[in-house]
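Colleague: Predicted model follows, preceded by the sequence.
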Amino acid sequence: MEQWNSIWCGSAIHVHIYVCLKMGVYLSTPKTEKASEDGENDRLRYGLSSMQGWRATMEDAHAAFTNLDGLTSFFGVYDGHGGKEVSRFCAKFLHHQVLQHEAYAAGDLGTSVRKAFLRMDEMMCGKTGQKELALLKAAADHSSSNGQNLPESDDQNGQTNHWPSEEGINSGYKGPSSGTTACVAIIRNNQLLVANAGDSRCVICRKGKAHDLSKDHKPELAAEKKRILEAGGYIQYGRVNGSLNLARAIGDMEMKQNKSLPAEKQIVTANPDIVTVELTEDDDFLIVACDGIWDCLSSQQAVDFVKEQLKTEKKLSAVCERVLDRCLAPSSGQEGCDNMTMILVQFKKSMDQKPSSKQQPGPSAK
């Protein structure tokens, strides 16, 4: 009887933990204030909006740059979990790592982006990264206490030219236990590159139809499950090791401790899927958003909603705000209770237009 009681109690504990993870921690009333902005250059314009919603804390972050290097635009959504510091770390540093990798200068955008995703974990595990995470968390906590959703980040501090290439890892510190998804869209001339790790999503509207340019990395996917099991992990209640409902993420370093395996083959990996497409006159707009949106709308529903709004609304951030309001749950404990962040990028016609050096930057990293 003692043995069965022990087994039952253990199972009950697991179920309790699962329910807590599934339900999350909610406010009595949602925070519907939004952080929104717009920007443009001669080839595209964008609007974005973020909202804390029913969640007790805001863990999303984003980065938006129409003029990353004169030829390139960068848009990224980072959906944090277990804390807000890793998502903010990525919003501050990831695009700089893309720029600084030698592959970028050689024209190999895909390699530089992949290396930048993996480099985030490396940077956060060192002494400099640990200190930076602490500073970002403190700044976020301070802004939250002042009633702000997403504080401005001094992007110049994101310059990583002098980041130590080799640095010791603090004794007993394995890196952050919190983590984040990362879904970025990079546009250079007529090329669009999308890199994704996690369940944030990028969708393009082509001839009015939604086309997913990323895949939601859930543990039950065959390729993800295979890697998880081979790395020594398990899947319980649809979650990696019974806790994380993502198979890929930046951070979550306790799931990346198998010293015999490379970063790409850990239980949870930051290694992104990368998709590259050529933009054409048939492409109208791009949506990059966290799963707080996709839990409530299918890709096609989101595209249809945006198309309808664009008939009467020219301000893209206002369209994003309407999507967030559309997805917000009327009460806690339902779909639509997550943090929400959405970036809407609209392409200007014609796509064969030459890029101009007089680009309006409208940069954001939050």
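Modeller: That came through, no problem. Numbers count the residues shown, from 1 in each chain.

Colleague: Strands along the stretch 251-366 of the chain, start to end?
Modeller: For the stretch 251-366 of the chain, the strands defined by DSSP state E, counting those that start in this stretch occupy 273-278, 283-289, 340-347, 364-365.

Colleague: and among those strands, the most buried is which?
Modeller: Across the strands of the stretch 251-366 of the chain, the average number of neighbours (mean count of other C-beta atoms under 10 Å) peaks for strand 340-347, which reaches a mean of 26. C-beta here means a position set from N, CA and C on the backbone, and glycine is covered the same way.

Colleague: Strand partners (parallel or antiparallel) of that one?
Modeller: The strands beside strand 340-347 in its sheet (DSSP bridges) come out as strand 44-55 (antiparallel), strand 283-289 (antiparallel).

Colleague: In contact with H211, which residues?
Modeller: V203, I204, C205, S299 (C-beta atoms under 8 Å, 6 or more residues apart in numbering).

Colleague: separation between it and V203?
Modeller: 7 Å (C-beta to C-beta, to the nearest Å).

Colleague: any shared contact partners between these two?
Modeller: Listed as contacting both H211 and V203 by C-beta under 8 Å, 6+ apart are S299.

Colleague: Sketch out the low-pLDDT regions of this protein for me.
Modeller: 1-24, 144-171, 350-366 (pLDDT under 70).

Colleague: the longest strand in it is where?
Modeller: strand 26-40 (DSSP state E).

Colleague: Buried residues of that strand, list them for me.
Modeller: For strand 26-40, the neighbour count (16 or more other C-beta atoms under 10 Å) marks Y26, P30, K31, K34, A35, S36, E37, D38, G39, E40 as buried.

Colleague: doesn't A231 make contact with L261?
Modeller: Yes - look at L261 against A231 with C-beta atoms under 8 Å: they come within range, at 5.9 Å.

Colleague: re earlier: and the strands of the stretch 251-366 of the chain: which comes nearest A138?
Modeller: strand 364-365 (17.4 Å; C-beta to C-beta).

Colleague: circling back: I'd like the strands of the stretch 251-366 of the chain laid out as TSV, including distance to A116.
Modeller: Converted to TSV, these look like this (distance: least, C-beta to C-beta, whole Å):
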stretch	distance to A116
strand 273-278	11
strand 283-289	16
strand 340-347	18
strand 364-365	14
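
Colleague: out of those strands, which comes closest to Y46?
Modeller: Using C-beta to C-beta, the strands of the stretch 251-366 of the chain put strand 340-347 closest to Y46, at 4.6 Å.

Colleague: by how many degrees do the closest one and strand 26-40 diverge?
Modeller: Orientation check (axes from the mean of the first three to the mean of the last three C-alpha atoms, to 10 degrees): strand 340-347 against strand 26-40 gives 20 degrees.

Colleague: returning to that earlier point: going by distance to A61, which of the buried residues of strand 26-40 wins?
Modeller: A35 (10.5 Å).

Colleague: where do the helices sit along this structure?
Modeller: Counting by DSSP state H, one finds helices in the chain at the ranges 2-23, 85-100, 102-105, 109-125, 127-145, 222-230, 291-294, 299-310, 316-327.

Colleague: Most tightly packed of those?
Modeller: helix 85-100 (a mean of 26).

Colleague: What helices and strands are in contact with it?
Modeller: Contacts defined by 3 or more C-beta pairs under 8 Å, 6 or more residues apart in numbering; DSSP states H and E place helix 85-100 against strand 60-65, strand 72-81, helix 109-125, helix 127-145, strand 179-180, strand 182-188, strand 250-251, strand 364-365.
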